[in-house]
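>>> turn this into a model:
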Amino acid sequence: MAALCMHSILLFATTNSHITGHVTDANTHEHLGFINVLLKGTTIGCMTDESGHYFLKNIPLGQQTIVFSLMGYETKEVTVNIAADSTYVCNVSIEETSYKLDDVVISFSKYASKKKEISTIVNVISPSVIENTCSNSMADVLGFPEG
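Model prediction:
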């Protein structure tokens, strides 16, 4: 019975292997804070601090994949081979990306009206109109009083 208990303890013992490093923007080379850093297929993860540094501890031995992600940046995966009682340094640079969204349609009326009674009129307002009027709201852009 003692041998069985000892075997169970060895199966669930934590490793003394770690991964550390930093994440930078590929274009500006500035450190990126608050990047998600996850060990794929596990619950091990963290977020980089405001200076872009991270530390993952008690990493399982063998081949592991680290996933770096943040909205507005390409997700990057790095595969490393973790040995016993080691600290692996993994510094990465990630590329900024953009997402194209569909056009946004905003419609409103100066006066309250029933939906069935409204005839649809579409106007396009360019960004220069918003900038030139120093507007804080759509009511300012269209010359409507707020309220």
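>>> make it CA atoms for all contacts and neighbour counts henceforth
Fine.
>>> and the strands in this protein?
Along the chain, counting by DSSP state E, strands occupy 18-25, 36-39, 45-47, 53-56, 62-69, 76-82, 87-89, 92-94.
>>> between the ones you listed, which one is nearest to residue 129?
Minimum separation from residue 129 across the strands of the chain (CA to CA) falls at strand 18-25, 34.0 Å.
>>> list the buried residues of that closest one.
Across strand 18-25, burial judged by 16 or more other CA atoms under 10 Å covers 18, 19, 22, 23, 24, 25.
>>> do the same with stretch 46-62
Applying 16+ other CA under 10 Å to stretch 46-62 flags 46-49, 52-57, 59-61 as buried.
>>> okay, those residues in TSV with distance to residue 94 next?
TSV is the format used below for these (distance: CA to CA, whole Å):
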residue	distance to residue 94
46	17
47	15
48	13
49	16
52	12
53	14
54	15
55	18
56	19
57	22
59	23
60	25
61	26
